[in-house]
Every structure is written in structure tokens, then in C-alpha cells.
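> Let me see the structure of the following:
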Amino acid sequence: MDIQGLIINDRVLWDADPNELDAYKHKTYLVSRVLCRGSLEDIRAVLRFYTNEELKEAVINSRTLNEKGMHFMAAYLDINIEEFRCYKQKLLGLNFLEHYGS
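Now for the predicted structure:
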């Protein structure tokens, strides 16, 4: 799949129409999906396509990044894990469960 020069495997975005995706407008979605579902080759393609600043913005604002992707990008971009939106949401969920029970 080629999205304005970003070439990733079709299985990563199996539920999306590539003709409706914009590599820059939808970068948070694309980066998150590749980090969660992509191969090493897909991840390398994303790291080559976007600048470090674009990657940082995308991963910090992602609501769907998994722990593996979050820790990888924190190390790769030298970002404190506590800056990630998905990390904060996870902590909020844990605090809610601790307070109200499951």
C-alpha cells in the first residue's frame, strides 16, 4: 500500500481505504497502526518517512498505541513515557478500577 510515498503492508490497514488516507493529516493513526500491527519493515518505513518531530507529535497524541510501541518510541525519540496520552489514559483507568473496583 502506497500512501503518498509511505509504503506499508496492506494488512496493517486492512479496514481502511488507502485512497481516503493522507500521510500527514492521518499520521497519528498511521504511525499507531504500524507500531501496533506492522512488521519490522513497516516500522522502518514509518521511521524513514516521518521526521522525529512528526513522530513525536504522533505518538504523544495517540490514544491507541500499545505498550510495546509506546516504550519503543520513548526510547527511540528519548521521550519520557509519562508524556504519552495513552500512558496517561492507562493510569486513569487503573486509578478508576482501584477506586471503584472491577
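> measure Val34 to Asn80 for me?
Distance of Val34 to Asn80, given as Cβ to Cβ, to the nearest Å: 22 Å. C-beta coordinates here come from the backbone N, C-alpha and C atoms, glycine included.
> so where's this protein shaky on pLDDT?
90-102 (pLDDT under 70).
> So which elements touch the helix or strand containing Ala75?
Element membership for Ala75 (DSSP states H and E) is helix 67-77. Other helices and strands packing on helix 67-77, by 3 or more Cβ pairs under 8 Å, 6 or more residues apart in numbering; DSSP states H and E, are helix 27-37, helix 52-61.
> Only the buried residues of the longest one, if you could.
Put plainly, it is helix 27-37. Lys27, Thr28, Tyr29, Leu30, Val31, Ser32, Arg33, Val34, Leu35, Cys36, Arg37 (16 or more other Cβ atoms under 10 Å).
> swap in the shortest one?
Counting neighbours by 16+ other Cβ under 10 Å, one finds that the buried residues in helix 52-61 are Glu54, Leu55, Lys56, Ala58, Val59, Ile60.
> Take the residues you listed and write them to a markdown table, including distance to Gln4.
Conversion of the buried residues of helix 52-61 to a markdown table gives the following (distance: Cβ to Cβ, whole Å):
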| residue | distance to Gln4 |
| --- | --- |
| Glu54 | 13 |
| Leu55 | 16 |
| Lys56 | 20 |
| Ala58 | 15 |
| Val59 | 20 |
| Ile60 | 22 |
